[in-house]
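Participant: Build me a model from this:
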Amino acid sequence: MDATAPVSPPLRPRLRGACLDALPPAVARPSYDPSRTRTGIVHFGPGAFHRAHQAVYIDALLADAPDWAISAVSLHSSGVRDALRPQDGLYTLALLDERPSLRVIGAIREVLCARDEADVVLSRLSDPAVRLVTLTITEKGYCLAGGELDMAHPDIVHDLARPDAPVSAIGYLVAGLRARRLQGMPPYTVLSCDNLPDNGGKLRRACVAYACRLDPALAEWIDARATFPRSMVDSITPASDEALRERVADALGCVDAWPVQREPYAQWVVEDAFCAGRPDWERVGVTMSADIAGYDRAKLRLLNAPHSALAYLGLLLGLESVAEAMRHPALGPFVERLLRVHIAPNLALPRGLDADAYIGAILARFANPAVRHRLAQIAQDGSQKIPVRLLDTIGEALDREHPIDALCLPVAAWLQFVRRETGNGAALADPLAVALAEAGHAASGDAAQDVARFLRIDAVFGPLAADARFVQALRRAYARLGDGGASAVGLALGGH
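Facilitator: Okay, the predicted model is just below:
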C-alpha cells in the first residue's frame, strides 16, 4: 500500500440508544433509560425551539416521572421524523456559551408525520395515557384572523368537511377531544407554547368555535371540561447548520442528523390550569403563574425593547451582531441605562419577578459572544415591533410625567434606519414597507418635517402622534442623530 495515499476517515455510527453508554464523559446524557419511558404528551411542531426548550425540561423530569415522554408530531414535513426516528428519537442539544456544552436529550419517545401517519396521531390523542397536548406551530398554524378562528382558511374548510381526516392543528385537537368524549374519557389539557398574546385564550376560542360547527354539545363539553393554559417561553435558538452537525459529530464520535443549539438561558412561565394532571415542572425551573400577561409584558419591555434599540442604533453604527453592539463603548452602557432608568420604572412587574436579576440576565445574554444574533434580523418588521416594545412604554412614561428623551432615541434610530435603507434603494422587510418607504424617500434631514411624515403612519404611532410632548422629544432625538452616520450616532449616545 502506498504510504502517501490519503486515508479515509472511519465511518461514524448514527446516534441511537445503543450508543449512549459509549459517549465521551464530557457529553451529558439521559439519567434514565429512554426505551422504558411512556408517552404522556403529544406535541405538535417539534422544530428546533421545542427540542431546545420544552423537551429539555421534560428530559430533566423523566428519571422520576417516566410516563411524561413525548410523541412528537409534525403536521406536514417529514424532516424531523426522518432525522430522528433512526436515532430512537435522540438528539443533541448544544448550549452556546464561552465554554459550550453538549447534552443528549431522550424526551421524545416517537416522531410522527401527521401527513403520512394520521391514524397513528389520532390514536395517540385518544390514548388515556396522554394527558397533555402541547404546540409550537407559530402563529400562522392556528389559522386565525383578527385573533379568532378563520372559518374561511382552506385547512379549516377541509377539516370541517372531513373532521375524521384533519390537516390543521385545530382539526387534530378537536378530533382527539371528540374521540375521548365519545369513549367516555376525560379531556386532555392543551398548552400553547407559541409567542402570541393570550395564546391559551386564543386556542380555546378557536377549538370551541371549530367544535361548534361540528356539534354544539361537543363545543360545550370542551369549553366546560378541557383547559387551555396560557404560557410564555424565552430562549434564543439559532438555526442548526452544518458547522453544528460537524462539531457534534466530532464530540460524540457518532452522527446526529439534526442537533439543536441555544443560549444557556431559558425561561418558561405557565398558567397552572391543567385538567388531567401535569409534570412537576417547578422542580426543573418552570415558573407557574396566573399572570402570564405580566411576564409577556416584561419580556416585551425589558428584552425585546432593548433588542430593537441595539438593532437600529447598532446598524447605524455599522455593527452586525447583538454581542458586538453590547461591546460598543457608548451603545452598551446606553442600553443598560435605558433598561434600568427608563423602562423598568415604568413597568408593573408580575409578582415574583426580580427586576434587577432579570435585567442582569438579559444584559449577560446580549453580551454572550457564542450567540451570533444578527441585528439585521431583529430590525425586520419594525412597524409591528416598535409600538409594543417602545411606544407603549413612552405612553406610560408620559402618563407618569417621566422623561422620555432616552426612550425616543431608538425610535428615532428606526426612522433614520428607514431613511438610510430607502435612500440606498434597499427593500424594507416590513408589512408597512410602502408607507415607510414613502416617508423615507421624502426625508431630507430636517427633523421637524421628517418626523411629521413618519407620524402620519397611524398604524404605528396612533394617538401618540398628537401628543406635543412626544412629537418634540422625537424631533430632538432625530436631530441628535444628525445624518444617521456612525459619528453622529456615537455622539448622541454619549450624551445619554
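
Participant: Please report the distance of the spatially most central residue of the chain from Ala48.
Facilitator: Among the residues of the chain, the one closest to the centroid is Asn195, at 5.5 Å (Cα atoms, centre = their mean). Distance from Asn195 to Ala48, counting by Cβ to Cβ, to the nearest Å: 14 Å. In this view, the C-beta of every residue, glycine as well, is placed from N, C-alpha and C.

Participant: Likewise for Gly490?
Facilitator: 36 Å.

Participant: More neighbours: those two, which one.
Facilitator: Between Gly490 and Ala48, counted using other Cβ atoms under 10 Å, Ala48 has the larger neighbour count: 20 against 16.

Participant: quick one: the more buried one and Ser240 touch, right?
Facilitator: Yes: taking contacts as Cβ atoms under 8 Å, Ala48 lies within contact range of Ser240: 6.1 Å.

Participant: Now do the shared contacts for the two.
Facilitator: Val260 (Cβ atoms under 8 Å, 6 or more residues apart in numbering).

Participant: show me where this protein has strands.
Facilitator: Assigned by DSSP state E, the strands in the chain fall at 39-44, 69-74, 91-95, 101-105, 108-113, 132-135, 144-145, 148-149, 189-192, 231-234, 260-262, 267-270, 287-288.

Participant: Columns distance to Ile359 on top of those strands, output as a markdown table?
Facilitator: Shown next, in a markdown table, are the strands of the chain (distance: least, Cβ to Cβ, whole Å):
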| stretch | distance to Ile359 |
| --- | --- |
| strand 39-44 | 32 |
| strand 69-74 | 33 |
| strand 91-95 | 22 |
| strand 101-105 | 25 |
| strand 108-113 | 35 |
| strand 132-135 | 29 |
| strand 144-145 | 33 |
| strand 148-149 | 36 |
| strand 189-192 | 27 |
| strand 231-234 | 14 |
| strand 260-262 | 21 |
| strand 267-270 | 14 |
| strand 287-288 | 17 |
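
Participant: Asp458 reaches Ala435, doesn't it?
Facilitator: No: with contact defined as Cβ under 8 Å, Asp458 does not reach Ala435; the gap is 9.6 Å.

Participant: between the two, who's got more neighbours?
Facilitator: When neighbours are counted by other Cβ under 10 Å, Ala435 comes out ahead of the other of Asp458 and Ala435, with 19 against 10.

Participant: how much space is there between the nearest residue to the more buried one once chain neighbours are set aside and Arg124?
Facilitator: Of all residues not flanking Ala435 in the chain, Ile457 sits nearest, at 5.1 Å (Cβ to Cβ, 6 or more residues apart in numbering). Using Cβ to Cβ, Ile457 is found at 47 Å from Arg124.

Participant: what's the answer for Arg181, then?
Facilitator: On the measure of Cβ to Cβ, Arg181 and Arg124 end up 17 Å apart.

Participant: so where's this structure shaky on pLDDT?
Facilitator: Filtered on pLDDT under 70, the chain yields the residue ranges 1-10, 495-496.

Participant: report the longest helix in it, please.
Facilitator: Looking across the chain with DSSP state H, the single longest helix is helix 405-423.

Participant: Which positions within stretch 101-113 qualify as buried?
Facilitator: Of the residues in stretch 101-113, Leu102, Arg103, Val104, Ile105, Gly106, Ala107, Ile108, Arg109, Glu110, Val111, Leu112, Cys113 count as buried by neighbour count, 16 or more other Cβ atoms under 10 Å.

Participant: cool, and stretch 406-425?
Facilitator: 406-422.

Participant: from the chain's centre, how far out does that stretch sit?
Facilitator: 25 Å (Cα atoms, centre = their mean, to the nearest Å).

Participant: CA-only coordinates of it in PDB, if you can.
Facilitator: Written as PDB, here are the backbone C-alpha positions of stretch 406-425 (Å, rounded to 0.1, in the frame of the first residue of the first chain):
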ATOM      1  CA  ALA A 406     -33.800  58.400  26.000                       C
ATOM      2  CA  LEU A 407     -36.800  56.200  25.100                       C
ATOM      3  CA  CYS A 408     -37.300  58.200  21.900                       C
ATOM      4  CA  LEU A 409     -33.700  57.700  20.700                       C
ATOM      5  CA  PRO A 410     -34.200  54.100  19.500                       C
ATOM      6  CA  VAL A 411     -37.500  55.200  17.900                       C
ATOM      7  CA  ALA A 412     -35.600  58.000  16.100                       C
ATOM      8  CA  ALA A 413     -32.900  55.500  15.100                       C
ATOM      9  CA  TRP A 414     -35.600  53.300  13.400                       C
ATOM     10  CA  LEU A 415     -36.700  56.300  11.400                       C
ATOM     11  CA  GLN A 416     -33.100  57.100  10.500                       C
ATOM     12  CA  PHE A 417     -32.600  53.400   9.500                       C
ATOM     13  CA  VAL A 418     -35.700  53.500   7.200                       C
ATOM     14  CA  ARG A 419     -34.400  56.800   5.700                       C
ATOM     15  CA  ARG A 420     -31.000  55.300   5.100                       C
ATOM     16  CA  GLU A 421     -32.300  52.000   3.700                       C
ATOM     17  CA  THR A 422     -34.800  53.600   1.300                       C
ATOM     18  CA  GLY A 423     -32.200  56.200   0.300                       C
ATOM     19  CA  ASN A 424     -29.800  53.300  -0.700                       C
ATOM     20  CA  GLY A 425     -32.600  51.600  -2.700                       C
END
